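1. What follows is a protein structure lacking sequence information:
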C-alpha cells in the first residue's frame, strides 16, 4: 500500500485558515488523493479528493504538488465544528488505507 | 437522501459467540466496504463487495465473512468472537472506481465480554 505521512496534530484559531500537509512520495500514477475527517463518535466524512489538479469544494481546497508527492488540505476559515481527525489517503482501485491522521484543534 | 445506514448501533456479545452487522448503502452506490476501528486508531480495511462478490480483503482472519445482496446491502459476520474484536465497525459505500469518494455510516459499536 502506498503510504502517507501527516503531522500528529495541529492547532488553529477560529476563523483563521488551516493548512494540513501530507507527504506521499510513493504515490502511483493512478492513485487519487483523498481526504476524510472524523469527528468524535462518528464515522469518517468525505472532504475532498483529486488526481493532479488543485480542487475546490464547499468544504475545503486541495493543493497538489506538481510531482504529486505531497498535497495540502486547506480549510479557509476554521470553525469549532472543524475540530476533528483529518486523514490523507491514497485510493487505488479498491480500499482506503487509513493512517493515524492529523488531530486538528480549533481555539475559540 | 439517506446516507449509509448501519444496524444495530450498539451490541454486546460474549466471547465465542457469532455476530451479524448490517449495512444499507447510500442510494445509487454499488460498492460496500467494511472497516474495523479500534479505540484511538484509524479504520482498518476488512473487505469490499461489488456485484455480490468479495473484491479485496484486508489482513483479517476467516472468522470475518461478508455478503452483498442484489439490492447492494451488505452484512458482516464475525464468528468465534474474541475480546480483541471489540471495536467500531464501519460500513462505507461508493461507486466502483478510484475517482469517487466513500460515504461512511456512523458504525456499530461491538463490545465483546
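-> Cool, got the structure. If you're wondering where the values come from, they're calculated on a predicted model, not measured in any experiment.

2. before we move on, what SS does the residue minimising distance to the centre of chain B have?
-> Against the mean C-alpha coordinate of chain B, by C-alpha atoms, centre = their mean, the closest residue is residue B:34 at 3.1 Å. State at residue B:34, reduced to three classes by DSSP: H, G, I helix; E, B strand; the rest coil: strand.

3. In contact with the closest residue to it other than its chain neighbours, which residues are there?
-> Closest residue to residue B:34 apart from its sequence neighbours, by C-beta to C-beta, 6 or more residues apart in numbering or on different chains: residue B:46 at 4.3 Å. Every C-beta, even on glycine, is put in place using the N, C-alpha and C of the backbone. Each residue near residue B:46 by C-beta atoms under 8 Å, 6 or more residues apart in numbering or on different chains is listed here: B:33-36, B:57-58, B:60, B:64, B:66, B:76.

4. hey, where'd the strands end up in the chain?
-> No chain specified, so I'll use chain A. All strands of chain A, identified by DSSP state E, fall at A:9-13, A:18-23, A:32-38, A:45-50, A:55-56, A:61-64, A:70-75, A:84-91, A:102-107.

5. my question was about chain B
-> For chain B, applying DSSP E gives strands covering B:5-7, B:10-13, B:19-24, B:31-37, B:44-50, B:53-57, B:64-68, B:74-78, B:87-94, B:103-104, B:108-112.

6. Reformat the ones you listed as a markdown table; add distance to residue A:79 and mean pLDDT.
-> Output for the strands of chain B, formatted as a markdown table (distance: least, C-beta to C-beta, whole Å; pLDDT from 0 to 100):
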| stretch | distance to residue A:79 | mean pLDDT |
| --- | --- | --- |
| strand B:5-7 | 27 | 97 |
| strand B:10-13 | 30 | 97 |
| strand B:19-24 | 31 | 98 |
| strand B:31-37 | 25 | 96 |
| strand B:44-50 | 30 | 94 |
| strand B:53-57 | 37 | 93 |
| strand B:64-68 | 38 | 97 |
| strand B:74-78 | 34 | 98 |
| strand B:87-94 | 25 | 96 |
| strand B:103-104 | 21 | 96 |
| strand B:108-112 | 27 | 98 |
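
7. Any chance of TSV for the ones you listed, columns distance to residue A:58?
-> Formatted as TSV, those follow (distance: least, C-beta to C-beta, whole Å):
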stretch	distance to residue A:58
strand B:5-7	24
strand B:10-13	32
strand B:19-24	26
strand B:31-37	24
strand B:44-50	28
strand B:53-57	31
strand B:64-68	32
strand B:74-78	29
strand B:87-94	20
strand B:103-104	16
strand B:108-112	30
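
8. Among those strands, which comes closest to residue A:60?
-> strand B:103-104 (16.9 Å; C-beta to C-beta).

9. Strand partners (parallel or antiparallel) of the closest one?
-> Note on strand B:103-104: by DSSP bridges, its sheet partners are strand B:87-94 (antiparallel).

10. Name the surrounding residues that touch the partner strand.
-> A:43-44, A:96, B:4, B:6, B:21, B:23, B:25-26, B:29, B:31-39, B:43, B:72, B:74, B:76, B:100-105, B:107-110.

11. now do stretch A:68-82
-> Residues contacting stretch A:68-82 (C-beta under 8 Å, 6+ apart): A:12-25, A:27, A:33, A:35, A:37, A:47-48, A:50, A:52, A:59-65, A:86, A:88, A:104, A:106, A:108.
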